[in-house]
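Q: Below are the sequence and a predicted model for it; my questions follow.
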Amino acid sequence: MLKPTTYLTHSYGQADGYKLAAYEARGGYSGVKKALALSREAVIEEMKKAHVRGRGGAGFDAGTKWSFMPKQPGQKPCYLVINADEGEPGTFKDRSIMEKNPHALVEGCIIGCYGIGAHAAYIYVRDELHLSKARLEAAIAEARAKGYLGTRPFGFDYPVEVYVHTGAGAYICGEETALLNSLEGRRGEPRLKPPFPAQYGAFGCPTTVNNVETIAIAPTVFDMGGDEFSKLSALHGFNDGGARLFGVSGHVKKPGLFEACVGLTLRELIYDLGGGTLGDRPIIGIIPGGSSCPVHKPDEVVNHADPRFAPYNGKSILDLPLGVDTFRMIGGMLGTCCAIVLTDAADPVLALHNLMRFYRHESCGQCTPCREGCGWIERILDKIVAGEGTIEELDRVSEIASDITGNTICAFGDGAAQPALSFVRKYRTHFEDYILNGAKSQTRRLTP
Amino acid sequence: MAFALNAEQNQKLEQILSRYPNKMAACIPVLHLCQDANASWVSDEVIEFVAKKLDLPTAHVKGVVTFYTLFNQKAVGKHQVWVCRTLSCALRGSDKILAHCEKRLGCHAGETSKDGMVTLRTAECLASCGSAPMMQVDKTYYENLTIEQVDRILDTLVR
């Protein structure tokens, strides 16, 4: 159900919308005062009631994640780390928050720090986002000058500092333990879990890593109350609450970012918000939330035994509300909720070729199945695209991808395998046409 | 000649150090600072300098430099251009943008134009998918590009 909201995007259109004055004029920094007046436990409870599912792709419940932190202050300090290493192909939402509404993130950091018992937050921004870093630094300086950050935020005896840290160009640093290594000044290679960051995170101390959007929406949660916030969502029954950012890119007339209550469908995202497909062409594939999600064909029909699926069973996947569990339960993945749309102008073989080059380039090289497997898959696709592949090699793509899955330290391996497995399974005839018929029936390009 | 920072840059370095509980955490930001102060690349002298400043083995700093794509291990042009080519941009014609840049600059992606003004590179997803195709020039994003816009942008660089 399409219910547009403006909690995060209220001032996106204003020239000075990113400044403190504009943020306070629309009621900014009121949520944090309510949060700091509560006990730490109550803050976590409120966040749990809001059912904010992590916006970075994994969809883990934010309040539950906060509750994993030590209940009592120990000898070691605790840290809040914000993952702003946005780089999942198709995803462009966190950058907009940092550029156009940085104070929401700063305010969220104060709430988050208080909730998890931390006094310092590091925002790990990928280096390319220079405007985001500048806007955040300026917002932090404004907040500090007002006393919102520092020793006594809003008169409460709970010191909080927020720092901006920069990466140096590595997609893998969006993986939370790789990010922690990078924050510590090391190569961005993921760590084995356990120990989880809540026990042994940044600098060996208890740490919570949250996505930018997850933290930026926290002020809204405390402003309106967790329950109220959760009930905005049509998927309240799936414990998937509130409102979030939806992006759409690729073959649509109006690609861009939209904010709406959770429960929006792909059809609404593509046709109502995205203006329909380029040249009104038929859709052949949608990647719902970043390239690591399996691709879906529009003729896929929803069918699940769970009673909560009753309203959606028998309908196209385009009419299934975009939720963490709705997509997980049908064998897909919501990811970051920024969809990539492919119409019949796009050649799915070239699309997968493009994505596998990305994964081969970004594999950190630590685990053999991922380091070698991504390269093998890319090279087989090189051959297929050049008309030199064989059916046996096509089958090997799925075999290699299956062997990467579950056999690596981090989720990158699974993320790289998902597109390979789903594209080859769902567009097999296209791949076979490349191998057997010289791709005579294929568009051989990605643009209309 | 040994690499060194000027007074203002040294002050920045101290600022960076103040943000972290130990010196090693400053490794990446300090490398950025030094790279910017060294014509946009990290030489062996820079690595020595950073290692000494942060009390780290040179091997550690070298390991960091070689891991991240944005640390240039050899000299680059006066300006750096990255054309994003991952799926969302590819679906909106990034190949044409790249081909045009190559033609205009007379060099392939990964190379520097003969006059030494521009290093052209491809980039993987720069988080600008909703405004594709796009390219990054030094520290600025240019989005929703047309060939005409690319020409205007390159004109300002090679002038």
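A: Noted; the coordinates are in hand. Quick caveat, the model's predicted, so the values are computed rather than measured.

Q: What residues does residue 95 make contact with?
A: Going with chain A. A:Arg95 is in contact with A:86, A:129, A:132, B:127-128, counting by C-beta atoms under 8 Å, 6 or more residues apart in numbering or on different chains. Every residue, glycine included, has its C-beta placed from N, CA and C.

Q: Wait, chain B was what I had in mind.
A: Counting by C-beta under 8 Å, 6+ apart, B:Asp95 has contacts A:446-447, B:85.

Q: Buried residues, the helix or strand hosting it. List them.
A: Following DSSP states H and E, one finds B:Asp95 within helix B:94-105. Neighbour-count burial for helix B:94-105, counted by 16 or more other C-beta atoms under 10 Å in any protein chain shown, picks out B:94-95, B:97-98, B:100-101, B:104-105.

Q: What of stretch A:395-415?
A: Quick answer for stretch A:395-415 (16+ other C-beta under 10 Å): A:397-398, A:400-401, A:404-405, A:408-415.

Q: Report pLDDT for the residue lying closest to B:Cys89 once chain neighbours are set aside.
A: Ranked by C-beta to C-beta, 6 or more residues apart in numbering or on different chains and with sequence neighbours excluded, the top spatial neighbour of B:Cys89 is B:Ala132, at 4.2 Å. Looking at B:Ala132, its pLDDT stands at 96.

Q: you'd agree B:Ala132 is up against B:Ser94?
A: Yes. Using C-beta atoms under 8 Å, B:Ala132 is in contact with B:Ser94, at 6.8 Å.

Q: Can you check which residues contact both of those two?
A: With C-beta under 8 Å, 6+ apart, B:Ala132 and B:Ser94 have common neighbours B:Cys84.

Q: Would you map the strands across the chain?
A: No chain was given, so I picked chain A. A:79-84, A:120-125, A:161-166, A:207-211, A:243-250, A:256-261, A:283-287, A:338-343 (DSSP state E).

Q: not quite, I wanted chain B
A: Using DSSP E, strands in chain B cover B:79-84, B:118-123, B:135-137, B:140-142.

Q: Can you say which of the ones you listed is nearest to chain A?
A: For chain A, the closest of those is strand B:135-137, at 6.1 Å, according to C-beta to the nearest C-beta.

Q: per-domain residue ranges of chain B.
A: B:7-67, B:79-158 (automatic domain parsing).

Q: Of those, flag the one that's most buried.
A: Greatest average neighbour count among those goes to domain B:79-158 (a mean of 20), per mean count of other C-beta atoms under 10 Å in any protein chain shown.

Q: ok so, going back, adding distance to A:Asn181 and pLDDT, write the contacts of A:Arg95 out as a markdown table.
A: Below are these laid out as a markdown table (distance: C-beta to C-beta, whole Å; pLDDT from 0 to 100):
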| residue | distance to A:Asn181 | pLDDT |
| --- | --- | --- |
| A:Glu86 | 18 | 96 |
| A:Leu129 | 20 | 98 |
| A:Ser132 | 22 | 98 |
| B:Ala127 | 21 | 96 |
| B:Ser128 | 26 | 97 |
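
Q: Closest one to A:Gly323 out of those, please.
A: Checking those against A:Gly323 with C-beta to C-beta, the nearest one is A:Glu86 at 21.1 Å.

Q: For the closest one, list the residues it contacts.
A: A:92-95, A:126, A:129, A:174, A:212, B:127.

Q: repeat for A:Phe229
A: A:Phe229 sits in contact with A:49-50, A:52, A:220-221, A:241-243, where contact means C-beta under 8 Å, 6+ apart.

Q: again, but for B:Ser94
A: B:83-85, B:132-134.

Q: Out of those, which comes closest to A:Gln199?
A: If you rank those by distance to A:Gln199 using C-beta to C-beta, B:Cys84 comes first, at 37.6 Å.

Q: so the closest one touches B:Ser131, yeah?
A: No. The criterion here is C-beta under 8 Å, and B:Cys84 misses it with B:Ser131 at 10.4 Å.

Q: Can you show me the helices along chain B?
A: B:7-17, B:27-37, B:44-53, B:58-67, B:87-90, B:94-105, B:147-158 (DSSP state H).

Q: do the stretch 1-150 of chain A as well
A: A:20-25, A:31-36, A:40-50, A:62-67, A:94-100, A:102-116, A:130-145 (DSSP state H, counting those that start in this stretch).

Q: and of those, who's closest to A:Glu392?
A: helix A:94-100 (41.9 Å).
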